[in-house]
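[1] here are the coordinates; sequence isn't available:
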């Protein structure tokens, strides 16, 4: 009996031992963290983060504010905002009745003065009156004619015609509004060529000059890139901002680039190739307890993230400059990085 109990107990112990060992063998692999990456590259790459760049805004090549030279009630503005008009198109007009009546009255006075002058001249030539009478009559006629001509110009000024072909960018007055000399009525924009205005720090402005090539990326057009040329470089800073401004001409034959669109610009930077700088999102840069800065890069072969120490420079509108620690071809993790540690498994998504 005791032998049977011993066999039974031994069987139970062995069973529990193997069962417990089986529980310890079961393991689960860590789920990879889903991340997004961008390729660090130089100026000739098609990726967004490249050699040092700037943020800017698109402006029309020419912006003309149109106004009346005389006052009156606006009769009509027969154009819509955003419409394309050709040179010579009627854009707006005010009621000309008052100026037309004034002209007709003064034209009649001028005609009367002309007849009086011609009669006086004829009498003078016969020697019947003094020369001073003829001179007075001639002067009165010339003054009346000048007044009539000036009033006729007021009639012409009751209409605004397009001085150049372009787009109606803004309408400030509508029919029924009261116009006055110099009060803006319309804004006419030319955008066959647009200008990207770029603020540039004072320590970098001397690196660029008129004629330098530029690559402009416009986010609103799905990050499409356009080639441009530096057309202007300011020689003094703005009053409210200690930066200089460069303006870049960009051909826009299909007029898809609109004024007001934001853009990223990479200027020709051959003079800085020996100290290549990259712009990365500020939020992708971390610092450890010792103050060492780092980012997370993706290892495509090992499918994991690794910590890369870096050194940063100036802060720009579109990110922070990384002066050391990155190179062309690095895969910078730009989304999902807050869940990472060194060697964390990752899955790259688009």
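    Ah, there it is. All values reported here derive from a predicted model rather than from experimental measurement.
[2] and the residue lying closest to residue 243 once chain neighbours are set aside, helix, strand or coil?
    Take residue 243 and drop its neighbours on the chain: the residue closest to it by Cβ to Cβ, 6 or more residues apart in numbering is residue 199, 4.2 Å away. (Each C-beta comes from the backbone N, C-alpha and C, glycine too.) Three-state assignment for residue 199 (DSSP: H, G, I helix; E, B strand; the rest coil): strand.
[3] could I get the buried residue list for stretch 108-126?
    Neighbour-count burial for stretch 108-126 flags 109, 110, 113, 114, 116, 117, 120, 121, 124 (criterion: 16 or more other Cβ atoms under 10 Å).
[4] among these, which one sits closest to residue 213?
    Each of the buried residues of stretch 108-126 was scored against residue 213 by Cβ to Cβ, and residue 110 proved nearest at 61.8 Å.
[5] following the helix or strand encompassing residue 264, which helix or strand shows up next?
    Using DSSP states H and E, residue 264 sits in strand 262-267. Scanning forward in sequence from strand 262-267 by DSSP H and E, the next helix or strand is strand 278-280.
[6] what packs against that next one?
    Strand 278-280 makes packing contacts with strand 319-324 when contacts are defined by 3 or more Cβ pairs under 8 Å, 6 or more residues apart in numbering; DSSP states H and E.
[7] show me what the helix or strand just after the strand it packs on packs onto, helices and strands only.
    Once strand 319-324 ends, the next helix or strand along the chain (criterion: DSSP H and E) is strand 331-335. Using 3+ Cβ pairs under 8 Å, 6+ apart, the elements in contact with strand 331-335 are strand 33-39, strand 293-299.
[8] how about the last one: buried residues?
    When you say that, I think you mean strand 293-299. Using 16+ other Cβ under 10 Å as the test for burial, strand 293-299 gives 293, 294, 295, 296, 297, 298.
[9] which helices and strands sit right next to the strand holding residue 264?
    strand 54-67, strand 184-200, strand 213-218.
[10] got the angle for that strand vs strand 54-67?
    On the basis of axes from the mean of the first three to the mean of the last three Cα atoms, to 10 degrees, strand 262-267 is oriented at 120 degrees to strand 54-67.
[11] got the buried residues for strand 262-267?
    Applying 16+ other Cβ under 10 Å to strand 262-267 flags 263, 264, 265, 266, 267 as buried.
[12] which residues touch it?
    Strand 262-267 is contacted by residues 43, 48, 50-58, 196, 198, 207-208, 212-220, 228, 230, 246, 248, 318 when judged by Cβ atoms under 8 Å, 6 or more residues apart in numbering.
[13] without its sequence neighbours, what residue ends up closest to residue 209?
    Nearest residue to residue 209, sequence neighbours excluded (Cβ to Cβ, 6+ apart): residue 233, at 6.3 Å.
[14] just to check, that neighbour is in contact with residue 214?
    No. Counting by Cβ atoms under 8 Å, residue 214 is not a contact partner of residue 233; they are 11.6 Å apart.
[15] follow-up on the earlier one: can you list the helices and strands packed on strand 331-335 in JSON lines and add distance to residue 128 and mean pLDDT?
    Below are the helices and strands packed on strand 331-335 laid out as JSON lines (distance: least, Cβ to Cβ, whole Å; pLDDT from 0 to 100):
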{"stretch": "strand 33-39", "distance to residue 128": "99", "mean pLDDT": "86"}
{"stretch": "strand 293-299", "distance to residue 128": "105", "mean pLDDT": "92"}
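[16] got JSON lines for those, with distance to residue 190 too?
    Below are the helices and strands packed on strand 331-335 laid out as JSON lines (distance: least, Cβ to Cβ, whole Å):
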{"stretch": "strand 33-39", "distance to residue 190": "36"}
{"stretch": "strand 293-299", "distance to residue 190": "44"}
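[17] hang on, the earlier thing: for residue 240, which of the helices and strands packed on strand 262-267 is the nearest?
    Using Cβ to Cβ, the nearest of the helices and strands packed on strand 262-267 to residue 240 is strand 184-200, at 11.6 Å.
[18] stretch 333-349: end-to-end distance?
    End-to-end span of stretch 333-349 (Cα to Cα, to the nearest Å): 11 Å.
[19] can you list contacts of it?
    For stretch 333-349, contacts defined as Cβ under 8 Å, 6+ apart pick out 30-38, 281, 284, 286, 295-298, 300, 303-307, 331.
[20] reformat the buried residues of strand 262-267 as a markdown table; add pLDDT and distance to residue 136.
    Shown next, in a markdown table, are those (pLDDT from 0 to 100; distance: Cβ to Cβ, whole Å):
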| residue | pLDDT | distance to residue 136 |
| --- | --- | --- |
| 263 | 92 | 69 |
| 264 | 90 | 74 |
| 265 | 91 | 70 |
| 266 | 88 | 75 |
| 267 | 83 | 71 |
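[21] and residue 259, that's in a helix?
    No. Going by three-state DSSP, the assignment for residue 259 is coil, not a helix.
[22] the nearest residue to it once chain neighbours are set aside: how many residues sit nearby?
    Leaving aside its sequence neighbours, residue 259 sits nearest to residue 60 (Cβ to Cβ, 6+ apart; 4.9 Å). By the criterion of other Cβ atoms under 10 Å, residue 60 has 23 neighbours.
[23] please name the bridge partners of residue 60.
    residue 194 (DSSP bridges).
[24] residue contacts, it?
    Counting by Cβ under 8 Å, 6+ apart, residue 60 has contacts 166, 169, 189, 190, 191, 194, 195, 259.
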